[in-house]
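Enquirer: Provide a 3D model corresponding to the input given below.
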Amino acid sequence: MRIEIRHGGHVISDTSARGVEVATMQSLPLMAAAAEQATTPFDYMFRAKADDPASRLPQDDPPAMVAALKALGAAMLEDPPVDDNNSIIPALYTYWGQFIDHDLTANTDRDSRISDITKDDLVPVPPAEVVENLRNLRDPRLELDSVYEDAPRRDQMFLKVGRNATGGGIEGEVPPDPADLERDLPRGPDKKAQIGDPRNDENLIVAQLHTAFLRFHNAAVDWVLANEAHYQGPVAVFNRAQQLTRWHHQWLVVHDYLETLTRAGTVDRVLLGGNRHYRPEGEPFMPLEFSVAAFRFGHSMIRAGYDHNRNFGRGAIVRPFASLNQLFQFTGNHNPPLGGSATLPFNWIIEWDRFVDKGSPFPNRFARRIDTNLAFPLSQMINEGEGPTVPAAVKPLLKQLAQRNLLRGYLLSLPTGQAVADAIGVAALTPAQVRRGDGGALDQALQSGGFDERTPLWYYVLKEAEVQGGGNTLGEVGSRVIAETLIGQLRHDAESYLNVKSGWSPAQGVRTRAGDLVVTIRDFLHFAGLPA
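Expert: The predicted model follows:
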């Protein structure tokens, strides 16, 4: 059971019958048995710190703190745009992180008695109350339920993939392999994507990545039929292809995604030395420090525009880049869906080689640096805060990503960055480091709110990456929280690749048409039949 998962909150009117049902479900200490089975726990990785008022942002004057956090969020938005804030991280990793997040967690961005950041009298919720009442609408395992849950099948073995729109009126050139126009999500008559998590159709890049996973599964079916004849019958073949898709992705999350984005040595320390901090005693939970703060580091990597393909990018036929707003317009969640087309127009098919090359000579093919400066379009998110049920007074907040993140961390009583550094056992950033290189409105917001000494965890993770990793990797706190969470979820999943008794690596998996192992996300895309 998934309850209309979307970003931004205010998706369901509080006064509607469905809204009342959701709000009630979120606020009852004892949930109905059916709902309980459909949800999993949130908890704190550092519960002792969350329970300690001295380890959180001050709570003696919530209105003043809310105002200070809004000022900080506003100061984080870059205006005018900066063209040279490029990292060495290929642009795909921004949206791969979003895809991973959607597979692990949902509900912290929804409105309820526990998580409504738009309340006039916003007061932090005690940690015990947060844990008791806020439930995760996702299974926190990396098992691709966002891909497989409720996914329509083309037949008993293959997943359905949508065809792209062609015909007159569409400008531009068909990307490579014009005979292959099955590069959209499967859609219903309302143009909405028929996928396990509708959030994966909120921007075009993550939607195209989700499509790649559908295609990888189908290529894995072909692989099993050609190379593993002992799997007999459609059910067995489907299950084996699903297993291979999951294991390859899990391995890549550890050995490509985490190795690229975390501080050198962190992954090996967690893999070889074990989890030191994420160690659930019972049912695995999703740490709030991860889902509400640390894993939102990817927001700072978002560009205002992308070198998307030959039509909207370098050497483009239509225009020299794809704006961030356009990438939200050509989705099923925009109004009108897909810019008015029946399915994704062929001129918006992504060209992955522009998103995965770690040696590209073109700076705008990389993500922005991980730092405390966000691209200006994130203050005006076009698909957020819309609809007749959204009060006019809260629309600006829902469109302003930085303010939302900061207020949610305060509301849910997250420990500060300094407190988490102390719990991990690493040196915390000094106040001077928290303020380093900021100046102007950002420096004023930090000092007036006291945030240079007690720093919101999300902001701290971004600044730590800037100070310790030059914006190209996360720092000590961000790396440890994220690596322990993702590897910890795999450790607690009896069916993950880490728990295969004889051991598993891509050497026991599929191979590309060139015979190569799938050991990078680029290989993954190649196996899916996508040029990269």
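Enquirer: switch to C-alpha atoms for all contacts and neighbour counts from now on
Expert: Will do.
Enquirer: which residues of the stretch 151-300 of the chain fall in strands?
Expert: 286-287 (DSSP state E, counting those that start in this stretch).
Enquirer: So, low pLDDT: which residues of it?
Expert: Counting by pLDDT under 70, the stretch 151-300 of the chain shows low-confidence ranges at 178.
Enquirer: again, but for the chain
Expert: Those would be 1-38, 79-83, 110-113, 178, 379-399, if you go by pLDDT under 70 across the chain.
Enquirer: Which residue ranges of it form strands?
Expert: Along the chain, counting by DSSP state E, strands occupy 40-43, 86-90, 135-136, 286-287, 305-306, 322-323, 366-368.
Enquirer: helices and strands around the second one, which ones?
Expert: Same thing as strand 86-90. strand 366-368 (3 or more C-alpha pairs under 8 Å, 6 or more residues apart in numbering; DSSP states H and E).
Enquirer: Can you list the buried residues in stretch 502-512?
Expert: 504, 506, 509-512 (16 or more other C-alpha atoms under 10 Å).
Enquirer: ok, now stretch 166-186?
Expert: Under 16+ other C-alpha under 10 Å, the buried positions of stretch 166-186 are 166, 172-175, 181-186.
Enquirer: which one of these is nearest residue 273?
Expert: Nearest to residue 273 among the buried residues of stretch 166-186: residue 185, at 40.2 Å, using C-alpha to C-alpha.
Enquirer: What separation is there between the closest one and residue 531?
Expert: 18 Å (C-alpha to C-alpha, to the nearest Å).
Enquirer: Counting neighbours, what do you get for residue 60?
Expert: 9 (other C-alpha atoms under 10 Å).
Enquirer: Contacts only, for it.
Expert: For residue 60, no contacting residues are found, by C-alpha atoms under 8 Å, 6 or more residues apart in numbering.
Enquirer: can you give me phi and psi for it?
Expert: phi -80, psi -20 (degrees, to the nearest 10).
Enquirer: Kindly report the same for residue 120.
Expert: Torsion angles, degrees, to the nearest 10, at residue 120: phi -60, psi -30.
Enquirer: tell me the helices in the stretch 251-400 of the chain, going along the chain?
Expert: For the stretch 251-400 of the chain, the helices defined by DSSP state H, counting those that start in this stretch occupy 259-261, 266-273, 288, 324-329, 353-356, 395-399.
Enquirer: Quick one: closest of the ones you listed to residue 498.
Expert: Short answer: helix 266-273, nearest of the helices of the stretch 251-400 of the chain by C-alpha to C-alpha, at 9.6 Å.
Enquirer: roughly how far is that closest one from the heart of the chain?
Expert: In terms of C-alpha atoms, centre = their mean, to the nearest Å, the centre of helix 266-273 is set 23 Å apart from its chain centre.
Enquirer: Residue 446: which of the buried residues of stretch 166-186 is nearest?
Expert: residue 185 (42.9 Å).
Enquirer: Pretty sure the closest one sits against residue 193.
Expert: Yes - if you go by C-alpha atoms under 8 Å, residue 185 and residue 193 touch, sitting 5.9 Å apart.
Enquirer: Surely residue 296 is in contact with residue 458?
Expert: Yes - using C-alpha under 8 Å, residue 296 makes contact with residue 458 at a distance of 7.1 Å.
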